[in-house]
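Q: please find the sequence and the predicted model below.
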Amino acid sequence: MISFRYREKRTVIHKLNPFCKLAWVASVFVLALVLNNPIFLLLLFLSTLLLVITAKVWREWTSFMKYAIYISLTIVVVNTLVSYQGTHVLAEAPFTIPVMGTPTITLEAIIYGMAMSIRLLAIISAFAILTLTVNPDDLMLAMIKMRLPYKSVLVTALSTRFVPTLISDVERIADVQRSRGLELDKCSLPKRIKRSASVIIPLLSNSLDRTVQIAEAMESRAFGSGAKRTFYKDIKMSRMDIVTVIAGFAPSVLGIVMLILGFGDYQYYPTLGRMDLSGPEWTMLPILALVVSSVVFLAFLKRGVDLD
């Protein structure tokens, strides 16, 4: 069973300072919002794979991306059915919907939905890497160090743990029910819905029990009683970490510069623009990939400095 939780691994990405990974994820998020050209968005997504391979979280990352692909397909379908803009009409319905007009499927709507899907995949890939390579306690401590309200940070940390924990509970309960002879998959849809109660009821009970345990643990540790907080563990920043944080923010700076210079832009409506890139844009492609991937090279360099 593949876990969606953080697991300690002896890789350079796991050992990297959480501030460095937060800066990198923020840059990927900014780049995904700034870039519009599908080629640049695809390159941004592929650039995240180097961190996945280096961190050795390929299987876990693939599990995240399976759900992301379902969401992406939904975006393409919904955008195709809802957006009637575009000059290249592929199909047109023989009827008219009040207010919305005549349903029309255009090539522009399909391409735009696909581009938005690639954008979403890049963002989810970056956050999946953050989830799989940063200890939740270190992430919470880093956010508190950034002067964010610690109560809000705790709620955010518990929320990020909720979905992986919920998925693990569903798989565990389903395996227990199968061991008792209850078939959950190989049956008709009505029976599958009826038998899902055998999973949902224990899942709710387990979730409520876990909530009570967390509340009791927080109360026993006097959470929220002190104005000045102390830390059992501290995150120290070395000179190499500072350089890596700067490199982590570098892609977002590059994205803003590209936006100002007009690189990475693309026209979807009313007519698709030319997909070919200009000479300067071809030059920006390897620069973009190198800047996004520079965190990996600095992580290896940091390990060498620590060994020395």
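A: All right, it came through fine.
Q: for stretch 8-19, list the C-alpha coordinates in CSV.
A: As requested, the backbone C-alpha atoms of stretch 8-19 are provided in CSV (Å, rounded to 0.1, in the frame of the first residue of the first chain):
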residue,chain,number,x,y,z
GLU,A,8,12.1,9.8,6.2
LYS,A,9,14.6,9.0,3.5
ARG,A,10,18.3,9.7,3.3
THR,A,11,18.3,11.8,0.1
VAL,A,12,19.6,15.3,-0.5
ILE,A,13,16.1,16.6,-1.1
HIS,A,14,14.8,15.2,2.2
LYS,A,15,17.7,16.7,4.1
LEU,A,16,17.4,20.1,2.4
ASN,A,17,16.3,23.0,4.7
PRO,A,18,12.4,23.3,4.6
PHE,A,19,12.8,27.1,3.8
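Q: what does that stretch contact?
A: 21, 51, 54-57, 129, 133-135, 138-139, 141-142, 145, 235, 237-238, 241, 244-245, 295-296, 299-300, 302-303 (C-beta atoms under 8 Å, 6 or more residues apart in numbering). Just so you know, the C-beta spots here come from the backbone N, C-alpha and C atoms, and that holds for glycine as well.
Q: burial of residue 141, as a residue count?
A: 20 (other C-beta atoms under 10 Å).
Q: hang on, I meant residue 270
A: Around residue 270 there are 11 residues (other C-beta under 10 Å).
Q: cool, and the one 3 residues further on?
A: When counting by other C-beta under 10 Å, one arrives at 12 neighbours for residue 273.
Q: how close does it get to residue 5?
A: To residue 5, residue 273 is 43 Å away according to C-beta to C-beta, to the nearest Å.
Q: cool, residue 116 as well?
A: From residue 116 to residue 5 the distance is 29 Å (C-beta to C-beta).
Q: ranges for the helices of the stretch 51-200 of the chain?
A: 58-82, 107-133, 136-145, 150-179, 189-195, 197-220 (DSSP state H, counting those that start in this stretch).
Q: what pLDDT, on average, does the shortest one get?
A: The pLDDT scores in helix 189-195 average 72.
Q: buried ones in that helix?
A: Buried residues in helix 189-195, defined by neighbour count with 16 or more other C-beta atoms under 10 Å: none.
Q: ok, the first one next?
A: Within helix 58-82, the residues that count as buried by 16+ other C-beta under 10 Å are 60-61, 63-65, 68, 72, 75-76, 79-80.
Q: nearest to residue 193, of those?
A: Of all these, residue 193 sits closest to residue 63, with 24.5 Å by C-beta to C-beta.
Q: mean pLDDT for the helices of the stretch 51-200 of the chain: which is lowest?
A: Of all the helices of the stretch 51-200 of the chain, helix 189-195 has the smallest average pLDDT, which comes to a mean of 72.
Q: export that helix as PDB, just CAs?
A: Taking C-alpha atoms only, helix 189-195 is exported to PDB below (Å, rounded to 0.1, in the frame of the first residue of the first chain):
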ATOM      1  CA  LEU A 189     -23.000  -0.600  -8.600                       C
ATOM      2  CA  PRO A 190     -26.000  -0.800  -6.300                       C
ATOM      3  CA  LYS A 191     -24.300  -3.500  -4.200                       C
ATOM      4  CA  ARG A 192     -21.100  -1.500  -4.200                       C
ATOM      5  CA  ILE A 193     -22.900   1.600  -2.900                       C
ATOM      6  CA  LYS A 194     -24.700  -0.500  -0.200                       C
ATOM      7  CA  ARG A 195     -21.500  -2.200   0.900                       C
END
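Q: out of the helices of the stretch 51-200 of the chain, which comes closest to residue 46?
A: Taking these one by one with C-beta to C-beta, helix 107-133 is closest: 8.9 Å.
Q: coming back round to it: of the contacts of stretch 8-19, keep whichever come out buried.
A: Here, 16+ other C-beta under 10 Å leaves 21, 51, 54-57, 129, 133-134, 138-139, 141-142, 241, 244-245, 295-296, 299, 302 buried among the contacts of stretch 8-19.
Q: okay, residue 116 and residue 5: which has more neighbours?
A: Ranked by neighbour count (other C-beta under 10 Å), residue 116 and residue 5 place residue 116 first, with 18 against 13.
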